[in-house]
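Novice: Provided below for reference: sequence and predicted model.
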There are 4 protein chains.
Amino acid sequence: MLIRIDFESDVPIYEQLRDQIVIGIADGSLKPNEALPSVRRMSADIGIHAHTVNKSYAFLRDEGYIIIDRRSGCKVAANLPKTDKAFTKAIKDKLAPIAAEAACHGMKARDFGELCEEMLEKFGEKKEEV
Amino acid sequence: MLIRIDFESDVPIYEQLRDQIVIGIADGSLKPNEALPSVRRMSADIGIHAHTVNKSYAFLRDEGYIIIDRRSGCKVAANLPKTDKAFTKAIKDKLAPIAAEAACHGMKARDFGELCEEMLEKFGEKKEEV
Amino acid sequence: MLIRIDFESDVPIYEQLRDQIVIGIADGSLKPNEALPSVRRMSADIGIHAHTVNKSYAFLRDEGYIIIDRRSGCKVAANLPKTDKAFTKAIKDKLAPIAAEAACHGMKARDFGELCEEMLEKFGEKKEEV
Amino acid sequence: MLIRIDFESDVPIYEQLRDQIVIGIADGSLKPNEALPSVRRMSADIGIHAHTVNKSYAFLRDEGYIIIDRRSGCKVAANLPKTDKAFTKAIKDKLAPIAAEAACHGMKARDFGELCEEMLEKFGEKKEEV
DNA sequence: GTGGTCTAGACCACG
DNA sequence: GTGGTCTAGACCACA
């Protein structure tokens, strides 16, 4: 699980870290029940404050991606959350501005759909390799 | 062109406004060459400071969505930017964390692709109605 | 004398007009003693307020490029101002930020000098053609 | 790094500040990777509002001169932007009105070229001293 | 009328 | 501590 943070990005570091862990789970680099590096370890590895790692982990826990156990550390949740109505709505809200940008730039609905589909497929492929 | 700002949201107001204008252009509520409300007018309408509106407009101008004409204020660009390599990459970067979330929630690539495709189609439909 | 104004530019229109007239004098499109279009005519031709043309003309007069005669209209000055110490200093001040940009972008002094020299030579060539 | 702002000038303060920082980078007063004063510090030092400094910094960032690091504030970019076609064109556009003025004042192409060359050379000399 | 600049000062997120 | 956001309101240049 390689984490790459762009310190010059306008995206907060804790959010970049959270995103990359979610991507790691999606593509199988991180498997259910697999242990995550401890907060201290992770912060040392990528050179950021433990505080910041903590924030990312807390978000991931609240979203159901990971389990934080005071004694045994963190691990990826065995049962990842499922797609439900609320989740679909949340996804749509996040997608709306991006889809609008694509539409303004003259992208065809079909092409956009395929591009999105491919992105998910890639996660699936990587997962099988692992 | 109805603008709705969520003052509770952690998304900056100027970004919400920017997003909604892009969506407005995408769905045809705002047509190329159509005039936008003046900075003062918009700020009064939605109850935010003129500075904030200004910032949104400046972003939209830099991204090629609107034109700020020295004589007459702001209007939607006649020639919206086209899809190019850089844009596709930017879109993919924005999409990645969302796609990963969907994957983690067990969404099928096919379903995600269709969901995305439908979002763009909706813009097209609304546009034709207008 | 063809005038082209970019209404979307952040450079004020009166300044664009002033600049283009100076360029016209430099390249010989406008010769000493030649009459300029009246304020009214110019404003109608390029579709801007007479007020704005007036401002440009007033600047040009103050800088010694043109003569404004209440009765006979405007004409290019017969004796254009000469290079003196004050002018050289003014030029340098305007040049400084541009030169600094060039330096930061790794441009060689020699190349920058040649680029500048060529720009002036072009004016001279056009002048001879006229 | 001494900053001098002319509050009487018609050139916006944020632009004066931006220009002076670019000049500072050009002449070596500010070296790549060197930290810039924080927004607050700079605003206190030169007696202008933090907003105004912020605007200058944002411009410099967009132009590639400085890096805004989420952790430690601002520093001069390690890899300054290079001269490309777009940059050369931008330079020419900025140079055109100045060159025209020089031509009107009877300056020889050769002299103008040398004057420009010398300006860049000065930056180089100062840089070596540092 | 328009957008742009600047100030003053509050508040927040980030690290 | 840092930069970023937002408000409030003054003032200006432009057209």
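Specialist: Sure, I can see it. These figures come from a predicted structure and were not determined experimentally. Residues are numbered from 1 along each chain as shown, chains lettered A, B, ... in the order given.
Novice: Which residue would you name as the spatial centre of chain A?
Specialist: The centroid of chain A falls nearest to A:V22 when counting by C-alpha atoms, centre = their mean (2.2 Å).
Novice: quick one, what contacts that residue?
Specialist: The contact partners of A:V22, taken as C-beta atoms under 8 Å, 6 or more residues apart in numbering or on different chains, are A:L60, A:Y65, B:P97, B:A100, B:E101, B:C104. Just so you know, the C-beta spots here come from the backbone N, C-alpha and C atoms, and that holds for glycine as well.
Novice: what do you get for A:R4?
Specialist: Per C-beta under 8 Å, 6+ apart, neighbours of A:R4: A:Q20.
Novice: Regarding it, what is its secondary structure?
Specialist: coil (DSSP: H, G, I helix; E, B strand; the rest coil).
Novice: Quick one: residues in contact with stretch A:34-41.
Specialist: A:1, A:21, A:30, A:42, A:45, A:50, A:53-54, A:57, A:66, A:72-76.
Novice: Now do the same contact list for A:A103.
Specialist: By C-beta under 8 Å, 6+ apart, the neighbours of A:A103 are A:F112, B:A26, B:D27, B:L120, B:F123, B:G124.
Novice: how many neighbours does A:F123 have?
Specialist: 20 (other C-beta atoms under 10 Å in any protein chain shown).
Novice: The helix or strand where it lies - contacts with which helices or strands?
Specialist: Following DSSP states H and E, one finds A:F123 within helix A:109-129. On a contact count with 3 or more C-beta pairs under 8 Å, 6 or more residues apart in numbering or on different chains; DSSP states H and E, helix A:109-129 meets helix A:13-27, helix A:85-104, helix B:85-104, helix B:109-129.
Novice: Just give the nearest non-adjacent residue to A:P12, would you?
Specialist: D:R70 (7.3 Å; C-beta to C-beta, 6 or more residues apart in numbering or on different chains).
Novice: Distance of that neighbour relative to D:R41?
Specialist: 18 Å (C-beta to C-beta, to the nearest Å).
Novice: sec struct for the residue located most distally from the centre of chain A, please.
Specialist: The centre of chain A is farthest from one residue, A:G106, which by C-alpha atoms, centre = their mean lies 28.6 Å away. What three-state DSSP gives for A:G106 is coil.
Novice: isn't it right up against B:F87?
Specialist: No: using C-beta atoms under 8 Å, A:G106 is not in contact with B:F87, being 10.0 Å away.
Novice: shared neighbours of those two, anything?
Specialist: Contacts common to A:G106 and B:F87, judged by C-beta under 8 Å, 6+ apart, are absent.
Novice: Return the most buried member of the helices and strands packed on helix A:109-129.
Specialist: Most buried of the helices and strands packed on helix A:109-129, by mean neighbour count (mean count of other C-beta atoms under 10 Å in any protein chain shown): helix A:13-27, with a mean of 22.
Novice: roughly how far is that helix from the heart of the chain?
Specialist: Here helix A:13-27 is found 3 Å from its chain centre; the criterion is C-alpha atoms, centre = their mean, to the nearest Å.
Novice: Now the element after that helix, going C-ward?
Specialist: Next element after helix A:13-27 (DSSP H and E): helix A:39-46.
Novice: Buried residues, that following helix. List them.
Specialist: A:V39, A:M42, A:S43, A:I46 (16 or more other C-beta atoms under 10 Å in any protein chain shown).
Novice: per-domain residue ranges of chain A.
Specialist: A:13-76, A:85-129 (automatic domain parsing).
Novice: Averaged pLDDT, the longest one. What do you get?
Specialist: Spelled out, that is domain A:13-76. Summarised as a single mean, pLDDT over domain A:13-76 is 94.
Novice: hmm, it touching DNA strand E?
Specialist: Yes: judged by C-beta under 7 Å from any atom of the strand, domain A:13-76 comes into contact with DNA strand E at A:I13, A:Y14, A:E15, A:I48, A:H49, A:H51, A:T52, A:K55.
Novice: Can you tell me which of the residues you listed is closest to C:F7?
Specialist: Of all the residues of domain A:13-76 next to DNA strand E, C:F7 sits closest to A:E15, with 40.3 Å by C-beta to C-beta.
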